[in-house]
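Student: here's a sequence, model it:
(chains A, B, C and D)
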There are 2 protein chains.
Amino acid sequence: MPPVRTYHHGNLRVTLLAHAERVLAEGGELSLRELARRAGVSHAAPRRHFADKQQLLDELALDGFRRLGAHLSAALDEASYDERMLAWARAYVHFASEHRALLDLMFAGKHRSAAMSEAANQAFASAFALFQEGQATGAIIAGDLERIATPALATFHGLAELINAGMLRAEDLDVLVADATERLALGLRPRSVGG
Amino acid sequence: MPPVRTYHHGNLRVTLLAHAERVLAEGGELSLRELARRAGVSHAAPRRHFADKQQLLDELALDGFRRLGAHLSAALDEASYDERMLAWARAYVHFASEHRALLDLMFAGKHRSAAMSEAANQAFASAFALFQEGQATGAIIAGDLERIATPALATFHGLAELINAGMLRAEDLDVLVADATERLALGLRPRSVGG
DNA sequence: ACCTGAACACCGTTCAAGT
DNA sequence: ACCTGAACACCGTTCAAGT
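Tutor: Numbering: from 1, shown residues only, chains lettered A, B, ... in the order given. You can find the predicted model right below:
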C-alpha cells in the first residue's frame, strides 16, 4: 500500500500558517519542526516556503495587523456615533487580550517589513480618522493629528499590555477603558478662553 | 601548572546574573550555556544556583523593577514641584527604551512571584503617591486612586512599548510624553459646576 | 518545483561522578 | 557544598539526493 500522501500538494505554506495560528492560540511554543510534524511533512519542508523562522513569524504578525484592523473597523461600524471612541478602545483591548501571543509578535520587532508597516498603519487608520473627524466637528482640539492621537492610542495599548502582563485584573479592564476614554475626551476638549 | 581557578568560589550566582545583564544590554540571545561559558564554568554549573532558566530570568526582572523604582524616585526627587508628573513620565519612557530587553522580561509573564509583584508595586508606588497628593491638593479629581492613576500610567507604558516596538520615532518621544502629560492633567482636573 | 533524510551546531535539563 | 562531563531530547538551518 502506498502512503496516502507522500507529498503535500500546493498548500503547505497555508497549512503551516494555519497550524502556527493554532499553536499561538493554544499558548504553545512555536517551532518550525513542530509545525512540520503537524502538517505531516519533514522538518526541512517548511524551508521551501519560508526562508527562516522569522519570516513565518512576520507573516503571522502581518496577518495579525490585518485582523486587528478589520476588528476595529467592525467595532466602529456597529457603534453609535457618540460612542465610537469607547467602542474602538474596547475592541482594541479585547483583541489584545484574546490574542496575547499574536500581539507580542506584532509589537515584538523594532524593524518591520514594508508590508507589515503598511498593515500596522492601516490597522490604526480608522482611529486616526476618528480623531480627525473630532477635530473637524470641534470636539477635539486642533493641532497635529499624530501628536494628538498617538498619546491617546498609547493609553489603550498600554492598558492592553498591562492586562497581558498580568498587572491588571481582567475584571477591571472594562471600567478602566471606560474611565480612560472619558478622561481622554475631557483632556482633548478645546477650552473656552480663560477656561 | 594547575588551572588558575577550577572552581568558582562563592559568587557564581552573582557572576551569572552580571553576565546576563550584559548580554541583555548587548541585545544578544540569553542562553544558560553562554552565561556559563562567560563565567568560565561548565554548562551544568548554573543549575546549582538557578533551578531553571526561567528562575534566572525572573531574578533579572525582579532586579529590573527595583532599578526602575529607584530611577523613578530619583527623577521625582530632582524635579521641581510642578513638573514631577512630567519628570516621572520622562524617566519611565527613557528607562524603558534604554532597557528594552529587560522591560520585555519584566512585563513578559502573566504570573509573577510574590517578590516580583512586590517589587513591581514598589516601582509604581511613587507615581501613585503623586496622584494621591494631587487629589489631596485638589489638582486631581477625587475618586478611587487605582481607577484614576492606572489609565494615566498606562499611557506612558503604552508610549514606551510603542517606541520599543519601533512604531514611534525616537526623536518624537519627548514631545509626545510632554503632550500626553499635559492632556492627562487637563482630563484629570476637577471641573467647576457647569464646566 | 517540492520534499526527504542526514548532518551540524546549537539549546535546556538531568544525573552520576568527582573535589 | 559545588562543579564536571556525558547523555538525552529538543531546536533552526543546510544540503545533497530523491520524485
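Student: leaving out chain neighbours, which residue sits closest to the most centrally placed residue in chain A?
Tutor: Centroid-nearest residue in chain A: A:Leu68, 4.3 Å away (criterion: CA atoms, centre = their mean). Closest residue to A:Leu68 apart from its sequence neighbours, by CB to CB, 6 or more residues apart in numbering or on different chains: A:Ala123 at 4.6 Å. For glycine as for every other residue, the C-beta is placed from the backbone atoms N, C-alpha and C.
Student: next: A:Ile141.
Tutor: A:Pro190 (4.8 Å).
Student: picking that back up, surely the residue nearest to A:Leu68 touches A:Asp63?
Tutor: No: here A:Ala123 does not reach A:Asp63: they are 11.3 Å apart, not a contact under CB atoms under 8 Å.
Student: so between these two, which is more surrounded?
Tutor: A:Ala123 (22 against 18; other CB atoms under 10 Å in any protein chain shown).
Student: A:Arg189 touches A:Ile141, doesn't it?
Tutor: Yes: look at A:Arg189 against A:Ile141 with CB under 8 Å: they come within range, at 7.2 Å.
Student: overlap in contacts, these two.
Tutor: Overlap of the contact sets of A:Arg189 and A:Ile141 (by CB atoms under 8 Å, 6 or more residues apart in numbering or on different chains) is empty.
Student: what about the nearest residue to A:Gly28 once chain neighbours are set aside? Give its phi and psi, please.
Tutor: Leaving aside its chain neighbours, A:Gly28 sits nearest to A:Glu34 (7.8 Å; criterion: CB to CB, 6+ apart). Note on A:Glu34: its backbone torsions stand at phi -70, psi -40 [degrees, to the nearest 10].
Student: ok, A:Glu34 to A:Lys53 distance?
Tutor: Taking CB to CB, to the nearest Å as the measure, A:Glu34 falls 11 Å from A:Lys53.
Student: I'd like the mean pLDDT over the longest helix along chain A, please.
Tutor: Assignment by DSSP state H gives helix A:53-78 as the longest helix of chain A. Regarding helix A:53-78, the rounded mean pLDDT is 98.
Student: do stretch A:158-168 as well
Tutor: Computed over stretch A:158-168, the average pLDDT equals 98.
Student: endpoints of stretch A:138-147, how far apart?
Tutor: Terminal residues of stretch A:138-147 lie 17 Å apart, using CA to CA, to the nearest Å.
Student: write out the residues of chain A neighbouring DNA strand D.
Tutor: By the rule CB under 7 Å from any atom of the strand, the part of chain A lying against DNA strand D is A:Leu30, A:Ser31, A:Leu32, A:Arg33, A:Glu34, A:His43, A:Ala44, A:Arg47, A:Ala51, A:Asp52, A:Lys53, A:Gln54.
Student: who are the contact partners of the nearest residue to the first one once chain neighbours are set aside?
Tutor: Counting by CB to CB, 6+ apart, A:Leu30 lies nearest to A:Val23, which is 5.4 Å off, once chain neighbours are set aside. Residues in contact with A:Val23, defined by CB under 8 Å, 6+ apart, are A:Glu29, A:Leu30, A:Glu34, A:Leu35, A:Arg38.
Student: the helix or strand harbouring A:Val23 close to DNA strand C?
Tutor: Here A:Val23 sits within helix A:12-26, counting by DSSP states H and E. Yes: on the criterion CB under 7 Å from any atom of the strand, helix A:12-26 is in touch with DNA strand C at A:Leu12.
Student: and the angle from that helix to helix A:53-78?
Tutor: Taking axes from the mean of the first three to the mean of the last three CA atoms, to 10 degrees, helix A:12-26 and helix A:53-78 form an angle of 70 degrees between their directions.
Student: so how far is A:Glu118 from the residue nearest to the centre of chain A?
Tutor: On the measure of CB to CB, A:Leu68 and A:Glu118 end up 13 Å apart.
Student: likewise A:Thr150?
Tutor: When distance is defined by CB to CB, A:Thr150 is 18 Å away from A:Glu118.
Student: how many other residues sit next to the residue nearest to A:Pro46 when sequence neighbours are not counted?
Tutor: Leaving out its chain neighbours, the residue that sits closest to A:Pro46 by CB to CB, 6+ apart is A:Leu32, at 5.1 Å. Per other CB under 10 Å, the neighbour tally for A:Leu32 reads 18.
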